[in-house]
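Enquirer: With the sequence up front, the predicted model follows.
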Amino acid sequence: MTRKSLHFTQMLQPGGWADNVRIGLADGLIASVESGVSAAAADERHGAALPGLPNLHSHAFQRGMAGLAEVRGPSDDSFWTWRETMYRFVERLTPDDLQVIAALAYVEMLESGFTRVGEFHYLHHDRDGRAFADPAEMSGAIVAAAGESGIALTHLPVFYAHSGFGGLAPGEGQRRFIHDVSGFAAMLERLRPLLAGLPDAVLGVAPHSLRAVTPDELAAVAGLVDGPVHIHIAEQVKEVADCLAWSGARPVEWLLAHAPVDRRWCLVHATHLVDAEVRGLAASGAVAGLCPITEANLGDGLFPSAAFLAAGGVFGVGSDSNVLIDATEELRLLEYGQRLAGRARNVMAPAGGSTGGALWRGAVAGGARALGAVEGLAVGAPADFVTLDLAHPSLVGRSGDALLDGLVFAAGRGGIDGVWRRGRRLVEKGRHVERERIAARYRRVLAGLLG
Ligand code: NGQ
Ligand code: ZN
């Protein structure tokens, strides 16, 4: 067992900020926490530490097409025309390409302050749509990328079977995604030993959306694991209209009435909600998985955050399409969307409270719930944390939640000094220790894919 101890001038713990905190680590897990104590001679010393942020929703491969869908087509561009571009990109990727792209995405996540990723993974089959000899071949590339980068992984293999409500046959562009329930269950069995070799890995499932699964498939898939269940829902108004035409109910309304939605569940986007759905989702204990950068990029709309928080709802954030990977920017845009739409300020904060503090704490708690992870820097949790550059002009002279306001609204990722996973410093001065190697390999692969 390797042991070490670290000392921080301040640390954000699950119960709030504490000063002069000393943590003891055993094999990368927090074994002890003391506050109000001075450093011992052998302690590593740092300034302020925060729990790393969970990234609850990623499609890692989409990092490879970042910025390549920003040219207007012949007709009006939309989420659906973007999806055609994405499907064309997907056609080319081999398992090795996926590992290379995902590894860079995970390096960038760590550099920006994310320490765990929920990988909503649906690219399962070979380029011609045929299953690989090993059904978990593509998942293996994700697991390898997480291992190389050091990020903690909640793997969410996606069940995908249909192209629209009512069990419509899948389209040609979806051929690499498709399973029946027994084939999907067989892939999960292959995945369990693979994930057992990755520290802190969690296995969940992701029925892709109500468009892509039937009610029977949804029930069967959610029953295959004890871990998290994630689903895309109510992201686009067309999806709401199609769901109403199919069932007479709106997507979130339908899900709350027909599935055992509880704290195991994460409803990704859940953008278009009426008041009863806001209250129902909040009461269920499920996490709203908000992806502000991608939702802006795809023209989805704005989640009703103020009403959801007032109803006691729990949220987390995700980088989704990975068009830009930046933890603080996800939080900033989450708040700024609400300010622009509501012509108000400090929307995500409780009365009298700090907005940066509410955003960081909220996304840590909701992200941990959604990803089946231990929340924050508590005994028994992996030592996954971010240290701040207290000399940064936007952080200087501040402590406690004022540091989080400075970080989220002013410094951005530039205020991050180090990022640590299982007590190992993976990011120093904003750069991942393996960035050069992983980025060089990414350049070669992308030149081939795009050339
Ligand atoms: C996805 N992404 O699975 O990558 C989706 C697009 C779909 C987002 N919804 C495909 N942001 O929803 O059909
Ligand atoms: Zn998504």
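Expert: Perfect, I can see it now. Ligands and ions are numbered 1, 2, ... in the order given.
Enquirer: Every contact and neighbour count from this point should use C-alpha atoms.
Expert: Will do.
Enquirer: And for residue 201, the neighbour number?
Expert: 22 (other C-alpha atoms under 10 Å).
Enquirer: Once you drop chain neighbours, what's closest to residue 414?
Expert: Nearest non-adjacent residue to residue 414, counting by C-alpha to C-alpha, 6 or more residues apart in numbering: residue 430, 7.3 Å away.
Enquirer: my guess is that neighbour meets residue 111, correct?
Expert: Yes: with contacts counted by C-alpha atoms under 8 Å, residue 430 reaches residue 111, the gap being 5.6 Å.
Enquirer: Between those two, tell me which one has more neighbours.
Expert: residue 111 (30 against 19).
Enquirer: Show the contacting residues for the more buried one.
Expert: By C-alpha atoms under 8 Å, 6 or more residues apart in numbering, the residues touching residue 111 are 419, 427, 430-432.
Enquirer: Would you tell me what the next helix or strand after the helix or strand harbouring residue 243 is?
Expert: Here residue 243, judged by DSSP states H and E, is contained in helix 237-247. Sequence-wise, the next helix or strand downstream of helix 237-247 (DSSP H and E) is helix 251-258.
Enquirer: Quick check: which of the contacts of residue 111 has the minimum pLDDT.
Expert: In terms of pLDDT, the lowest of those is residue 430, showing 93.
Enquirer: what's near enough to touch that residue?
Expert: Shown in contact with residue 430 (C-alpha under 8 Å, 6+ apart): 111-112, 413-414, 416-418.
Enquirer: Would you state the helices of the chain in chain order?
Expert: Secondary structure of the chain by DSSP state H: the helices cover 79-90, 95-112, 137-149, 181-196, 215-222, 237-247, 251-258, 275-284, 292-297, 305-310, 327-342, 355-371, 401-406, 435-450.
Enquirer: Switch those helices over to a markdown table; also include distance to residue 58 and mean pLDDT.
Expert: A markdown table is the format used below for the helices of the chain (distance: least, C-alpha to C-alpha, whole Å; pLDDT from 0 to 100):
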| stretch | distance to residue 58 | mean pLDDT |
| --- | --- | --- |
| helix 79-90 | 14 | 96 |
| helix 95-112 | 9 | 98 |
| helix 137-149 | 11 | 98 |
| helix 181-196 | 18 | 98 |
| helix 215-222 | 19 | 98 |
| helix 237-247 | 21 | 98 |
| helix 251-258 | 21 | 98 |
| helix 275-284 | 22 | 98 |
| helix 292-297 | 10 | 98 |
| helix 305-310 | 21 | 97 |
| helix 327-342 | 12 | 98 |
| helix 355-371 | 12 | 98 |
| helix 401-406 | 24 | 98 |
| helix 435-450 | 18 | 98 |
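Enquirer: sorry, back to before: so which of the contacts of residue 430 wins on neighbours?
Expert: Greatest neighbour count in the contacts of residue 430, by other C-alpha under 10 Å, goes to residue 111: 30 neighbours.
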